[in-house]
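*Asks:* Kindly generate the corresponding structure for this input.
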Amino acid sequence: MIPSLLERQIEKRPDKVRLQGRILFLTEDPELIKKQLAGWDLPWDTKNPANNPKLRDDISTDEITPAHYCFYFDRTLGEIPYVGLRCGESLPIGRGDVKKGGFVCSVSGKRRGKGSSREQSPYAEMCAGIQVAIGENIERIYKQNCQNLGLLTSTSFSLIDRIRAGEEIALSEFTAGEDEITKQVIEYGGLFPFNVARMQKKVFLPPIAGKNVQPTHPMTLAEKIFARHMVTPDGTVGVAAVRPGDTGFTRVDLRFSHEYVTPMASIFYEQYVGKDVPVNDASSIRFFRDHLTFLDEVISEEKKKMGLLDLATQLKLKQEDFAKQQGIKLHGELTDRKGSEGICHSVMLETYALPGQVNVGSDSHTPHVGAIGCIAFGIGTTDVFNSWITKDVRVKVPESVKIVIRGKRHANVTAKDFILKILSLDYVRSGKALAKVMEYAGEAVEALSVDERATMTNMAAEIGGFTGIVAPDEKVVAFLMERRGLRRAEIEKMIAGLESDPNAEYAQVIELDAAQIAPMVATPGDPGNGKYIRELNTPVPIEIAYGGTCTAGKNEDMDMYASVLADALKQGKRVSKNVAFWIQFGSQETREYSKRKGYLEIFEQAGAHVIEPSCGACINAGPGVSTRPDQVVISAQNRNFPGRSGPGQLYLASPLTVAASAVAGYIVEYEPSNAKISPLSLVP
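*Replies:* All right, here's what the predicted structure looks like:
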């Protein structure tokens, strides 16, 4: 307990709010947006929605605050909300436009705030004057970040006329349908004031509904792990059972953040708690310098002149200072060569996470470690800094979706093809999977290695899910014995009971036949634009191929790149002269693995460029990014939102497809003659 927080005066918000200002409608038509920015108020017919212009769906946090602007971690962010918003080929919103326009409300369509967990997005909106964000549905992390900061959210378009009329609106309009804890977070104006009130015992923590359920109550794997970690109102940890909808705080085993988030979180901590106050259990916190290691190689001269490279350096220095002051382990940059110790998700899986744990991280791809059977989910900056105080995070136990992939996959089909297929399903694209646990099962999933399972749990983020998880089994035992040196008996004890009960309830069960899935790509614009490569109408020439990131920089991913390139060399082929092929390791462990296996020589001989670990091209911060709108890239990364990795046309694909396409010079399906993926056969 921190004495200074016990003495702080905390007040609730008024019961009614009056939003005085304009409404910005983020439409698909860029001219309508420009007219609004120029002072025109767009008419809106709440009674006859068909009369209204089409709103932009799928607005990602990359579009709200493009990555390079996230180097700011103060109110300067108020100058840049929506500068990356793409309407057709146009970027209609410029720096400072929203703030100058006097807008208090922003309205968009489906899946508002998808993508990265960056809290800079709602913070930028708030600093520009936005007080309420309205969307047809809203992504979990973005919504929670809004609530944590005090930005109101709603899916009720009936508020539009009332805001325009300057009416007082009951705060209960924004808390309706929320759980008891979320209601109180909104009423107190954010997570930090709520947590102070919680320490002062001024707030109501609801009992866990499942506490009184019989221990034999059937639960999913995720529910079992949450039950073990839920903090009860009396402060103890663990209940007999939970059900979806139970709300409370979950005690976390590990917390991590990277240099995009740690500086803002540390400033919040120093401002609201105190510079010399120790964090709660520094031994269970990890920091990573993994996102911006290669930024200087790709950042434009224009952005350098804006001082953004210098700002990026300040992020690094602030994180280093806070880590040193607090005694927190920092996985930083290499000292003998350019690069990092590893991407946070890769290192967490290889070194720290364990089955049955709850892990949280400052990145939407935190579910990566669900591959070994733990609950892991992304949180925003305010959640990060609050967890340093309380060692727990707010959760509403989510529903689970069971995705069963039966049968045997084809030799040229990978976990990436599975997840691209899942992302293309109507259930996912319509937003029905939002905030739910993705539990992957079935013979085809069980046959995957832990590395390949991590591709699927990692990309639960693209589904919009709460997390992804696979029940731990013998492959997890072997992984932890090999990678961690743990004893079999120790691991088997950890994983005992970590499986869903036979009668557990799911929000949805999706069944797929692995034999019906062929190599896929996601066409530019969204990971949900999946189609089979053989469905591409004409050959798609490429200029850049990129294999790397947390999703595709693991040991088995390197096996795949090396298999294709080795076969190419046997046939006297190399990477096409028209293609730059970049292969980037996810961690130093994977680099050393590749070195032991002789892959570095294969990559070099085949004409691929090898890069030390870092997030890199995936966030437009390293080699492999596009530089022209007409440039075509095929990448094994996890996202292809507009502008995320440069201005070009980015296709997502598996490591096999990326490597084969790099050799062919255009997007091809890799067709091995046997399960060993040999010899090379490129099928357009």
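*Asks:* In this protein, which helix is the longest?
*Replies:* helix 308-326 (DSSP state H).
*Asks:* what helices or strands is that helix leaning on?
*Replies:* helix 262-272, strand 285-288, strand 329-331 (3 or more Cβ pairs under 8 Å, 6 or more residues apart in numbering; DSSP states H and E). To be clear about C-beta, it is placed using only N, CA and C from the backbone, and glycine gets the same treatment.
*Asks:* Tabulate the ones you listed in CSV, adding columns for mean neighbour count.
*Replies:* Below are those laid out as CSV (neighbours: other Cβ atoms under 10 Å):
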stretch, mean neighbour count
helix 262-272, 21
strand 285-288, 26
strand 329-331, 19
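*Asks:* what mean pLDDT does the longest helix of the chain have?
*Replies:* What helix 308-326 shows for mean pLDDT is 93.
*Asks:* likewise stretch 191-207?
*Replies:* On average, stretch 191-207 scores 88.
*Asks:* The helices and strands packed on helix 308-326: lowest mean pLDDT?
*Replies:* When I compare the helices and strands packed on helix 308-326, helix 262-272 is least confident, with a mean of 92.
*Asks:* Now find how far off-centre it is within its chain.
*Replies:* Helix 262-272 has its C-alpha centroid displaced from the chain centroid by 22 Å (Cα atoms, centre = their mean, to the nearest Å).
*Asks:* need the strands for the stretch 401-550 of the chain, in chain order.
*Replies:* 437-441, 467-469, 508-513, 520-522, 530-532, 544-547 (DSSP state E, counting those that start in this stretch).
*Asks:* Please dump the ones you listed into TSV; it should also carry mean pLDDT, mean neighbour count and distance to residue 314 for every row.
*Replies:* Listed next are the strands of the stretch 401-550 of the chain as TSV, based on pLDDT from 0 to 100; neighbours: other Cβ atoms under 10 Å; distance: least, Cβ to Cβ, whole Å:
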stretch	mean pLDDT	mean neighbour count	distance to residue 314
strand 437-441	98	27	37
strand 467-469	98	30	32
strand 508-513	98	14	45
strand 520-522	98	26	35
strand 530-532	97	17	39
strand 544-547	98	30	28
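*Asks:* Contact partners for residue 72?
*Replies:* 80, 120, 311 (Cβ atoms under 8 Å, 6 or more residues apart in numbering).
*Asks:* I'd like to know how many residues surround residue 252.
*Replies:* A total of 25 residues lie near residue 252 under the criterion other Cβ atoms under 10 Å.
*Asks:* now it: how far from residue 388?
*Replies:* Going from residue 252 to residue 388 by Cβ to Cβ, to the nearest Å gives 11 Å.
*Asks:* repeat for residue 672
*Replies:* Separation of residue 672 from residue 388 (Cβ to Cβ): 49 Å.
*Asks:* more neighbours, these two?
*Replies:* More crowded of residue 672 and residue 388, by other Cβ under 10 Å: residue 388, with 24 against 19.
*Asks:* returning to what we had before: tell me which of the helices and strands packed on helix 308-326 lies nearest to residue 225.
*Replies:* With Cβ to Cβ, the closest approach to residue 225 among those belongs to strand 285-288: 20.1 Å.
*Asks:* what helices or strands is that closest one leaning on?
*Replies:* strand 254-258, helix 308-326, strand 329-331, helix 344-347.
*Asks:* wait, isn't residue 365 in contact with residue 586?
*Replies:* No - counting by Cβ atoms under 8 Å, residue 365 does not reach residue 586; the two are 11.3 Å apart.
*Asks:* So for the two, which residue has more residues nearby?
*Replies:* Higher neighbour count among residue 365 and residue 586: residue 586, with 32 against 29, using other Cβ under 10 Å.
*Asks:* Which residue is the nearest non-sequential neighbour of the more buried one?
*Replies:* residue 553 (3.0 Å; Cβ to Cβ, 6 or more residues apart in numbering).
*Asks:* got it, and residue 459?
*Replies:* Counting by Cβ to Cβ, 6+ apart, the residue nearest residue 459 is residue 419, at 4.6 Å.
*Asks:* For the one you found, give its distance to residue 430.
*Replies:* Residue 419 sits 17 Å away from residue 430, going by Cβ to Cβ.
*Asks:* Who has more neighbours out of those two?
*Replies:* Legend: neighbour count by other Cβ under 10 Å for residue 419 and residue 430, higher for residue 419 (30 against 12).
*Asks:* quick one, what contacts that one?
*Replies:* By Cβ under 8 Å, 6+ apart, the residues touching residue 419 are 455, 456, 459, 462.
*Asks:* And it, how far from residue 91?
*Replies:* Residue 419 sits at a distance of 29 Å from residue 91 (criterion: Cβ to Cβ).
*Asks:* how's this protein carved up into domains?
*Replies:* Domain segmentation of the chain under automatic domain parsing yields 20-165, 397-516, 520-683.
*Asks:* can those domains go into TSV with extra columns for distance to residue 194?
*Replies:* Formatted as TSV, the domains of the chain follow (distance: least, Cβ to Cβ, whole Å):
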stretch	distance to residue 194
domain 20-165	9
domain 397-516	19
domain 520-683	31
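*Asks:* Quick one: closest of these to residue 292.
*Replies:* Nearest to residue 292, of those and by Cβ to Cβ, is domain 520-683 at 5.4 Å.
*Asks:* what's the offset of the closest one from the middle of its chain?
*Replies:* Worked out by Cα atoms, centre = their mean, domain 520-683 lies 21 Å from the chain centre.
*Asks:* Let me know how buried residue 571 is, in neighbour terms.
*Replies:* Neighbours of residue 571 (other Cβ under 10 Å): 11.
*Asks:* same deal with residue 346?
*Replies:* Neighbourhood size, residue 346 [other Cβ under 10 Å]: 30.
*Asks:* Excluding covalently adjacent residues, which one is nearest to it?
*Replies:* Nearest to residue 346 is residue 586, by Cβ to Cβ, 6+ apart, at 3.6 Å.
*Asks:* residue contacts, that neighbour?
*Replies:* Neighbouring residues of residue 586 by Cβ under 8 Å, 6+ apart: 342, 343, 345, 346, 548, 549, 550, 552, 553, 554, 557, 613.
*Asks:* rerun at 10 Å
*Replies:* The neighbourhood of residue 586, defined by Cβ atoms under 10 Å, 6 or more residues apart in numbering, consists of 290, 342-347, 349-350, 368, 451, 454, 548-555, 557-558, 613-615.
*Asks:* for residue 350, same thing?
*Replies:* By Cβ under 10 Å, 6+ apart, the residues touching residue 350 are 342, 369, 450-451, 479, 483-484, 554-555, 586-590.
*Asks:* before we move on, what about residue 635?
*Replies:* 522, 542, 544-549, 551-552, 582, 617-618, 624-626, 645, 650-653, 658 are the contacts of residue 635 under Cβ under 10 Å, 6+ apart.
*Asks:* Ok, residue 47 next?
*Replies:* By Cβ under 10 Å, 6+ apart, residue 47 lies in contact with 158, 161.
*Asks:* Wasn't it part of a strand?
*Replies:* No - looking at residue 47 with DSSP: H, G, I helix; E, B strand; the rest coil, it is coil, so not inside a strand.
*Asks:* ok so, going back, can you tell which of the domains of the chain is closest to residue 11?
*Replies:* Short answer: domain 20-165, nearest of the domains of the chain by Cβ to Cβ, at 12.8 Å.
*Asks:* average pLDDT across that closest one?
*Replies:* On average, domain 20-165 scores 94.
*Asks:* for that domain, how far is the first residue from the last?
*Replies:* In domain 20-165, first residue to last residue: 9 Å (Cα to Cα, to the nearest Å).
*Asks:* same question, stretch 325-339
*Replies:* End-to-end distance for stretch 325-339, by Cα to Cα: 24 Å.
*Asks:* Give me the buried positions along it.
*Replies:* The neighbour-count check on stretch 325-339 (16 or more other Cβ atoms under 10 Å) flags 326, 328, 330, 331, 332, 333, 339 as buried.
*Asks:* could these be laid out in TSV, adding distance to residue 190?
*Replies:* Below are the buried residues of stretch 325-339 laid out as TSV (distance: Cβ to Cβ, whole Å):
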residue	distance to residue 190
326	23
328	24
330	28
331	30
332	31
333	34
339	37
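*Asks:* Residue 397: which of the residues you listed is nearest?
*Replies:* Nearest member of the buried residues of stretch 325-339 to residue 397, counting by Cβ to Cβ, is residue 328, at 29.3 Å.
*Asks:* Thanks a lot, catch you later.
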